[in-house]
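*Asks:* Dropping the sequence and predicted coords here.
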Amino acid sequence: MKAIWKDTIIAESDATLVVEGNHYFPPDALKREFVKESATHTTCSWKGVASYYDITVNGETNKDAVWYYPAPKDAAKNIAGYVAFWKGVKVVP
């Protein structure tokens, strides 16, 4: 699977986990040169507190387009540190 924004691969892996229809990529699949920590946090009732990254490609930023659970609740501990995408990021085989 590949996560693509602005014709740039942001993450790539053949070991994603699907949760609630979203592909979660292993932490080492994320191309960190395109992301920066965001101050945004949200809470999921069963997964816990999510943190976010902004994506920047060629000077354009997609705020909070990547999320992950650094310390998820027990029910979601299999996705600890894994990243998922939204806000126009295409996830394709």
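*Replies:* The structure has been received and is ready for your questions. Numbers count the residues shown, from 1 in each chain.
*Asks:* Now do the helix or strand containing residue 11: everything it contacts.
*Replies:* Assigned by DSSP states H and E, residue 11 belongs to strand 8-12. Here strand 8-12 makes contact (Cβ atoms under 8 Å, 6 or more residues apart in numbering) with 1-4, 25, 29-31, 34-35, 55, 57-58, 66, 83, 85, 89. Just so you know, the C-beta spots here come from the backbone N, C-alpha and C atoms, and that holds for glycine as well.
*Asks:* Among those residues, name the ones in strands.
*Replies:* Counting by DSSP state E, the part of the contacts of strand 8-12 found in strands is 2, 3, 4, 35, 55, 57, 66, 83, 85.
*Asks:* List buried residues within those residues.
*Replies:* Buried subset of these (neighbour count, 16 or more other Cβ atoms under 10 Å): 2, 3, 4, 35, 55, 66, 83, 85.
*Asks:* Might you list the low-confidence residue ranges for the protein?
*Replies:* Scanning the chain for pLDDT under 70 picks out no residues.
*Asks:* Tell me the secondary structure at residue 76.
*Replies:* helix (DSSP: H, G, I helix; E, B strand; the rest coil).
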